[in-house]
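Peer 1: Fold the stuff below for me.
(chains A and B)
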Amino acid sequence: MFAYAVRRVLATIPVMLVVALFVFSLLYIAPGDPAAIIAGDQATPADVERIRESLGLDRPYLVRFGDWLWQIVHGDLGTSIFTNLPVTHMIAQRIEPTLSLMVLTIVFSIVIAVPLGVLAAWKHGTWIDRVVMVVGVLGFSVPVFVFGYLLAYVFALQLNWLPVQGFTPISEGFWPFLQGLILPTVVLGLAYVALLARITRATMLDVLSQDYVRTARAKGVGQRAVLFVHALKNAAVPIVTVIGNGVALLIGGAVVTESVFAIPGLGRLTVDAILRRDYPVIQGVVLLFSVTYVLVNLAVDLLYTVFDPRIRY
Amino acid sequence: MQRRDFLKAATAGSLAAAGGLAMPRLARAADNKVLRFVPQANLANLDPIWTTQYVVRNGSLLIWDTLYGVNDQLDPQPQMVEGHDASPDLKTWTFKLREGLKFHDGTPVLARDVVASINRWMVRDATMGLVIKKQLDALEAVDDRTFRFRLNKPYPKMLFALGKSSTPVLFIMPERIAQTDPYKQISEYVGSGPMRFKKDEWVPGSAAAFENFADYVPRAEPASWLAGGKRITFDRIEWHILPDPGTASAALQNGEVDWWETPLPDLVPLLKQSPGLVLDIADPLGNIGSFRMNHLYPPFNDVRARRAVQIALSQADYMHAVVGDDETLWKSLPGFFTPGTPLYTEAGGEPLQGKRDYAAAKELLAAAGYKGEPIVLLVATDVAITKAQGDVTADLLKQIGMNVQYTALDWGTVGQRRTKKDPPAQGGWNIFHTWHAGADCVNPAPYIALDASGPTAWFGWPQSDMVQQQIAAWFAAPDPVAAKAAIDKLNKAAMDDVVYIPTGFFKAYQAWRENLTGVVKAPFPVFWDVKKV
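Peer 2: Numbering: from 1, shown residues only, chains lettered A, B, ... in the order given. I've put the predicted structure just below:
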């Protein structure tokens, strides 16, 4: 398995190259001009042109791509056009909020969704099942920002329990840290909870109809053991797959959630960079997201062997 | 204990804990020495010469000081300088710095720092700096506190130039920083202003912090806009970047921030009803909406086509779309200069007044040879003001028989595309919208949008000798009467040649918590003399 993991990690290199080429090309052909944004409305056309030259944006595509690739190979993601700060520094500033938000969301979603899905499968066809499914549809259908504003209105403005916006690093205390992340986690997690609960329910329904489950029940195994020991473990492979794939969903959702709750994370950095055409930052963040996604999928593949010993690499 | 009893107890405990959350209510920006401010936009960089973005200028006003500063009467007053001496022919200007001026790194402000700062600024300030540069024989540091301009032509507006509040503002930086290429960004933010920038706390797109500079020596005079004593009552000013207006509104209502520079007009009624908040006009000089045409290509290279739009355009329609139904926020503007300022005039403004005449507009278009060619209208749909203006324009042009090609873009793309001089059908454009800060439209010096010098003019490249002559006449005017006469003629000439079409004059609100005092109306946030009680 170790050799497999190493092979997979090495396989990310060509994937990253393709991603890099794709992102760079996409940004190259996309309309928009950072020089015009930097110059501002009071600048003359000549100023805009001079700024463009000073940023090297007038250089040919291949020269710019080559320079960028050379920087990446040397571990340098470049410097932001706008802030004049290294992209690695900007990413480092934003990792804690996003990582915290995503980890909390995944934990929250699993803790809520898996029992809900199991419950719905166990009580299949009853009102409990229908309620879980309705919650699932709602969670998936209502846009993140609608939930965001609604929860902020109730829990921040009306009850004054939680802040409307912002992020407190964990180094400044666990409760202030958690306080700022409760609403964003719930908002971001709802769609994920819906997805996971539905998948868990469907997989559990399938597993619960298997012969070995009937045998376990015939042997007098208790309901809880049947559900959580025999059935859930065997239903885990598709659930883990969805958890892995859901990371992409979370990255997308984090962009909106971080904007609504003004969390200084990678999602907001991405949006700001796109709106300003801050090419080095966009390229750096997209590369980081791609690496994360590839590694999460690797972890998921490796987890399969834990849940299903028949799988070997 | 039975399982159900346990669950009941656990539930009761959870509710008690939840109730406990409510007990210690969130700190309501309790520290009276910290001001939490929500600026109009993201502070993505901090070089006020490299960029002309207003948000950068506003942050820079805390960090860097200026030689002169305009007061609320728009008169430049000495700020870093003690005084000046101008030769009778206005060709030699000598200035002396105040004593005791220091940069944030502890070094004294010297004349050579000023010379280097002026040299960098002159290159980037098209309306005044470049004019001075062109007629400059020498700019020299006479001694540590004295510097001198020697010009080959009189320049009566020198104090306006040195104290201009429109971007780029002449901020004084240490020589080593000011020697940076004007087209490249500085990376050190050392000034001699009342606040020191905390670069280590700067998270672009999220937060910026400034701390009180203990060695700053404010002038003795009372503060008035950028003039007088800049006394900061806070130890720290935090800028919180909240791009989502709904979040900013909720944060202000919840006491998480103290002052919001630009509330969305749609949220103003809600904020007005919220207890503990104060709303007032932010900038008395307001803004002027702009309908900008490309003068290089048909149909708008023919003045008759431009006049056709001018006589059909209803400013009321534009202003309702931009600011909503609050009639106190806008007024019609049959001129180019900011209402309520000394040079305001309506001379020649008749085409924008009275009943709108679609029939006459159609006749003028026909006379200009317009035959239904597509009109490329660039609309930045991510900016509420430009989107509203673009929608009204699309309807207006249809009403007068034009074939509108509504091109929805984001502001970043409009910014790029409007620089293109290609024909509209080949990636160019015919019309775009923007708006100009009223502070930039008080006279021709900062008014880049009124420049009609053709190829070197602002986007749209209007060319009008009459306009240029009157701008020159204003610069050379020896007294206020002559200056006003030049402005009247300039307004009429710009209307006749339709340099651009003002779509109206509008103001916006600012909002703050009622425990904040001393917030003034100005074209920029004025932090001095603001207190939290």
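
Peer 1: from the stretch 151-300 of chain A, which residue is nearest to chain B?
Peer 2: A:Pro264 (3.4 Å; C-beta to the nearest C-beta). Bear in mind the C-beta positions are built from the backbone N, C-alpha and C, glycine included.

Peer 1: Settle this for me: that residue is touching B:Pro204, isn't it.
Peer 2: No. In this structure, A:Pro264 sits apart from B:Pro204 without contact. The criterion is C-beta atoms under 8 Å, and the distance is 9.2 Å.

Peer 1: Tell me which of the two has more neighbours.
Peer 2: Summary of the neighbour comparison: A:Pro264 and B:Pro204, criterion other C-beta atoms under 10 Å in any protein chain shown, with B:Pro204 having more neighbours (26 against 21).

Peer 1: ok, B:Leu285 - contacts?
Peer 2: Shown in contact with B:Leu285 (C-beta atoms under 8 Å, 6 or more residues apart in numbering or on different chains): B:338, B:340-341, B:437-439, B:441-442, B:523.

Peer 1: Restricted to buried residues, select those residues in PyMOL.
Peer 2: Selecting the buried subset of those in PyMOL, with 16 or more other C-beta atoms under 10 Å in any protein chain shown as the burial test, is done by:
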select buried, chain B and resi 338+341+437+438+439+441+442+523
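
Peer 1: Of the contacts of B:Leu285, which are in range of chain A?
Peer 2: Taking C-beta under 8 Å from any C-beta of the partner chain, there is no overlap between the contacts of B:Leu285 and the neighbourhood of chain A.

Peer 1: Now render the contacts of B:Leu285 as JSON lines, adding pLDDT and secondary structure.
Peer 2: Supplementary listing: the contacts of B:Leu285 in JSON lines, determined by pLDDT from 0 to 100; DSSP: H, G, I helix; E, B strand; the rest coil:
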{"residue": "B:Thr338", "pLDDT": "97", "secondary structure": "coil"}
{"residue": "B:Gly340", "pLDDT": "93", "secondary structure": "coil"}
{"residue": "B:Thr341", "pLDDT": "94", "secondary structure": "coil"}
{"residue": "B:Ala437", "pLDDT": "92", "secondary structure": "strand"}
{"residue": "B:Gly438", "pLDDT": "94", "secondary structure": "helix"}
{"residue": "B:Ala439", "pLDDT": "91", "secondary structure": "helix"}
{"residue": "B:Cys441", "pLDDT": "95", "secondary structure": "helix"}
{"residue": "B:Val442", "pLDDT": "93", "secondary structure": "coil"}
{"residue": "B:Pro523", "pLDDT": "94", "secondary structure": "coil"}
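
Peer 1: Other residues contacting stretch A:142-155?
Peer 2: Under the criterion C-beta under 8 Å, 6+ apart, residues A:161-162, A:164, A:182-184, A:186-188, A:190-191, A:253, A:256-257, A:260-261, B:246-247, B:250 lie in contact with stretch A:142-155.

Peer 1: Now do the same for A:Ile95: helix, strand or coil?
Peer 2: For A:Ile95, the assignment made with DSSP: H, G, I helix; E, B strand; the rest coil gives helix.

Peer 1: since we're on A:Ile29, how many residues are nearby?
Peer 2: Other residues near A:Ile29 number 8, with proximity taken as other C-beta under 10 Å.

Peer 1: Against chain B, how distant is it?
Peer 2: When C-beta to the nearest C-beta, to the nearest Å is the yardstick, A:Ile29 and chain B sit 13 Å from each other.

Peer 1: Out of the contacts of B:Leu285, which comes closest to A:Ala30?
Peer 2: Distances from the contacts of B:Leu285 to A:Ala30 were compared by C-beta to C-beta; the smallest belongs to B:Ala437, at 29.6 Å.

Peer 1: could you list every residue that touches the closest one?
Peer 2: Contacts of B:Ala437 by C-beta under 8 Å, 6+ apart are B:54, B:166, B:283, B:285, B:287, B:523.

Peer 1: Listing request: residues of the chain with sub-threshold pLDDT.
Peer 2: Unless you meant another one, I'm taking chain A. Per-residue confidence of chain A (counting by pLDDT under 70) places the weak regions at A:313.

Peer 1: you looked at the wrong chain, it should be chain B
Peer 2: Counting by pLDDT under 70, the low-confidence segments of chain B come to B:1-30.

Peer 1: Go again with 80.
Peer 2: Counting by pLDDT under 80, chain B has low-confidence residues at B:1-30, B:411-412, B:416.

Peer 1: So for stretch B:331-340, what gets flagged as buried?
Peer 2: Residues of stretch B:331-340 classed as buried by neighbour count (16+ other C-beta under 10 Å): B:331-339.

Peer 1: what's the spacing between B:Trp202 and A:Met90?
Peer 2: As for B:Trp202, its distance to A:Met90 is 10 Å (criterion: C-beta to C-beta, to the nearest Å).

Peer 1: Could you do A:Leu10 as well?
Peer 2: Summarising the geometry, the distance separating A:Leu10 from A:Met90, computed by C-beta to C-beta, is 28 Å.

Peer 1: How about B:Gly324?
Peer 2: Looking at B:Gly324 against A:Met90, where the rule is C-beta to C-beta, the gap reads 37 Å.

Peer 1: try B:Ile132
Peer 2: Spatial separation of B:Ile132 from A:Met90 under the definition C-beta to C-beta is 38 Å.

Peer 1: What of B:Pro423?
Peer 2: B:Pro423 sits 40 Å away from A:Met90, taking C-beta to C-beta as the criterion.

Peer 1: In terms of neighbours, single out the busier of these two.
Peer 2: Applying other C-beta under 10 Å to B:Pro423 and A:Met90 shows that A:Met90 carries more neighbours, namely 25 against 15.

Peer 1: helix or strand for that one, which one?
Peer 2: helix A:87-122 (DSSP states H and E).

Peer 1: Which SSE is immediately downstream of the helix or strand containing A:Ala5?
Peer 2: In the assignment (DSSP H and E), A:Ala5 maps to helix A:2-29. Elements were assigned by DSSP H and E; along the chain past helix A:2-29, the next helix or strand is helix A:34-39.
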